[in-house]
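>>> coordinates for the following, if possible.
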Amino acid sequence: MTVDQAVVFVTIAIALVFFIWGRWRYDLVAMMALLVLLITGVVPAGDAFAGFAHPAVITVASVLVITRALQNAGVIDALINLIAPARGRTELQIGLQTATTATLSTFMNNVGALAIMLPVGLRNAYHAKYPPARSLMLLAFASLLGGLVTLIGTPPNIIVSTIRADRIGTPFAMFDYLPVGGTIAVAGILYLVLLGWRFLPRARLEVPSSYSPFDIEPYLMEVRVVEGGKADGQTVGELEGRRLGAVRVAGIGAGTREMRMIPGRHDVVGGGDVLLLQGDAESLAGFIDQGGLELVGKAKLTAADPKADVEIDEVIVKPGSMLIGQTPVSMRLRRRYGINMLAIARYGREIFTRLGDVQIQVGDVLMFQGARTNLASALPELGCLPLGDRTLSIGKPRRLILAAATFVLAIATTVAGLLPIHVALPVAIAVLALTQVIRLDDIYSAIDWPVIVLLGAMIPVGDAVASTGGDGLVAGLILSATGDLSPVWVLLVLFVSTMLITDVLNNNATALLMAPIALTLADRLDANPDTFLMAVAIAASCAFLTPIGHQSNTLVMAPGGYRFGDYWRVGLPLSITVTSVAIPMLLLIWPL
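Numbers count the residues shown, from 1 in each chain. All right, here's what the predicted structure looks like:
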C-alpha cells in the first residue's frame, strides 16, 4: 500500500465513522474529507471543486426542482386521487399507497415522492383507525424500490451512469435500469404489502387509545377579565408569564364584538374582555386561580368556526424543516407568522402540556391555529406538509398540462439521444420558470443543498480512490476472498457488500466509492463492466436495514413510532428478496 493509498483509506474510514456517528451532518463530513485529501496533495488543487460541475450533481439538482414544479402544477395531486376509491378497504388502500409511492419515485426524487405520499398515508391511517406503523415503512421502502427503475429515479443511478460515461465513453440510457430494477421493484412491493409488515413487533401494530384527529376542546377555555382585578390592564405577554408559557392567550373579545384571534404580546386586556385560553387542564386551573379572571365556559373552536375567522390545520414536519430541534417558544410563531401551535402528536400520542418546552422532531404532527392567509404563507416556509385532504387544483389546467408536457418532452429528448439528461432537465426547468409554473424562489428552495455539497465533495474523493490505485487494492482483496470461484460469486459479494455499506453510509457516497471498484473487478475478471456497475447502482439504493441508511427511512421513523431494530425485521427479508431477484436478472439482462 502506497502513502497516498493509506491517506485515502484512512480519510474514508474516519469519514465513515463520522457518517455513522451522525453528530456532524454528512455534507460537512464529506467536505472535511475532501479538504484533507486536498491539503495532503492527493487531490490536485485544480480538481478540488470540479465535482460541483459534474453532470451527476447537475442532474440530481434538476430532478429536485422538477419534482417541486410537478407538485406545484397539480400533477402529483392527480395521481394521488387514484387511490381515493380504496378508502374503507385497508389492505387495498395500503397496497395502492405503496404502489403509487414507487410509481412517483421512478421519475422524481425518492424523498420527494415519499414527502408527497406521507401525509396521505398518515391521514388515511387516522381516518381508517389503523396504526401508522402498518403502512409508513412500506411507503419508505417503496420510494427506494421505485427509484431503481429509471436513470433519474435515484441519485446512485445517475452517479453510476456518469462514471460509466467517464470510463467507458457512454452513459446508461434512461430505461436501461428498467428490466432489472422494475422486476426487483415489483417483487419488493409484493413482499411488503403481503408479508413484510407482519414482521413488525405486535406493539407497533396496536392502535393507540388516542389515535384520532386532535380533540382540542378540553384544552381551550373562555374566561372573563374581572374589572379592577389583577388581570385588568395587563398585557397578553404579562398574562402568559403567569404559568411560564404553559397557557396561551389565543383570542380576545371585548363586549359583543367578535373575538380577535392571535393577539400580540403587547396587547392590553381590560375589564369585561373575554379571553380564549389554550393549555392543559392543570395549567388552565392554576392560571385562573392566580386571580382576576372568572370562568365563562369551555370554548368550542373548530377549523370551520366563522366567528373566530381562523383555520386549524394539522401538518407534518418534513426533513429540512426549520422547526426541527426548535420549540414553539424559540420560533416565536405568533410574532413572526401570526399563528399559534395548539398541540403536537408523536408516535400517535397527543402532547398538549408544556408545548413551549417540546423540541420538534421530523415527522411530528402539529396543530396550528391562524388566519387562512397566515397559515398559507407560513407552512411552506416552516417546512410543513398539510395532513388535510389533497385535492386536484382544477383552476389552472394550463399549468398542469404545460408542466407534464415539458417534463415528458425532456425525457423524450434524452431517450432519443438528442440531449444528455443533465442538459435536458435544466432546459425544462428554464421553460417552467419562464412560464411561471415554478417561481425562481422555489427553484432554489427545492434543491437539497446538503446532498449537492455531499456529491460535489465526494466525487473527487471517489476519483482519488481510483487515481491512487485504491480501487485495485480493494478489488484484489475481494478476488482473494472469493478464490477460484466463478465471477457470479464475485458479483454476489460486490452486491451484498454494497448493500451493507449503504445501510450505514449515504447511498450517494456508497455509489461513488463502489463504482470504481466494480469496474476494476470487471476488468480483472475480463467480464462485462455493465453487469458490475448495475449491481452497484441497485445495491446502493437498497438501504433497508437501518433508519440512517436513507432519508426516506429517517422520515417515517417518528410518525410511525418505529425503533431502530424494526427496520432490519422488515428489511432483512426484503434485502434477501432483492438479492435473490437481482443476481439472476443481472445475469439475464447484462450477461457476464
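>>> residues near E294, how many?
12 (other Cβ atoms under 10 Å). No exception for glycine: its C-beta is placed from N, CA and C like everyone else's.
>>> err, G483, not the other one
Neighbours around G483, by other Cβ under 10 Å: 7.
>>> the stretch 351-500 of the chain: strands as residue ranges?
Along the stretch 351-500 of the chain, the stretches classed as strands by DSSP state E, counting those that start in this stretch are 365-370, 384-386.
>>> just the pLDDT at A281, thanks.
Confidence at A281, expressed as pLDDT, is 60.
>>> I meant to write T98 there.
Value for T98, per-residue pLDDT: 93.
>>> try P213
46.
>>> over to L574?
Reported pLDDT for L574: 96.
>>> for the residue nearest to the spatial centre of the chain, give its distance to P591.
Centroid check for the chain by Cα atoms, centre = their mean gives V111 as the closest residue, at 4.2 Å. V111 is 34 Å from P591, where distance means Cβ to Cβ, to the nearest Å.
>>> F368 contacts L379, correct?
Yes. If you go by Cβ atoms under 8 Å, F368 and L379 touch, sitting 7.3 Å apart.
>>> which of the strands of the stretch 351-500 of the chain has the highest mean neighbour count?
Among the strands of the stretch 351-500 of the chain, ranked by average contacts under mean count of other Cβ atoms under 10 Å, first place goes to strand 365-370 (a mean of 25).
>>> check which helices and strands it is in contact with.
The helices and strands touching strand 365-370, judged by 3 or more Cβ pairs under 8 Å, 6 or more residues apart in numbering; DSSP states H and E, are strand 311-317, strand 339-346, helix 372-382.
>>> for P559, find the nearest of the ones you listed.
Closest to P559 of these is strand 311-317 (Cβ to Cβ; 6.5 Å).
>>> need the contact list for V453.
V453 makes contact with D27, A30, M31, according to Cβ atoms under 8 Å, 6 or more residues apart in numbering.
>>> what's the distance between G483 and V474?
Distance from G483 to V474, by Cβ to Cβ: 16 Å.
>>> now do P201
38 Å.
>>> of these two, who's got more company?
V474 (20 against 13).
>>> tell me the domain boundaries of the protein?
3-36+47-207+445-589, 217-298, 311-386 (automatic domain parsing).
>>> phi and psi next, for V274.
Backbone torsions of V274, given as degrees, to the nearest 10, read phi -100, psi 130.
>>> what residues are bridge-paired with it?
V274 has the following beta-bridge partners by DSSP bridges: R224, G253.
>>> could you pull out the helices in the stretch 1-150 of the chain for me?
In the stretch 1-150 of the chain, the helices defined using DSSP state H, counting those that start in this stretch lie at 3-21, 26-39, 55-73, 75-80, 90-105, 110-128, 136-146.
>>> any chance of those helices in a markdown table, with distance to L512 too?
Listed next are these as a markdown table, based on distance: least, Cβ to Cβ, whole Å:
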| stretch | distance to L512 |
| --- | --- |
| helix 3-21 | 11 |
| helix 26-39 | 10 |
| helix 55-73 | 9 |
| helix 75-80 | 30 |
| helix 90-105 | 21 |
| helix 110-128 | 17 |
| helix 136-146 | 18 |
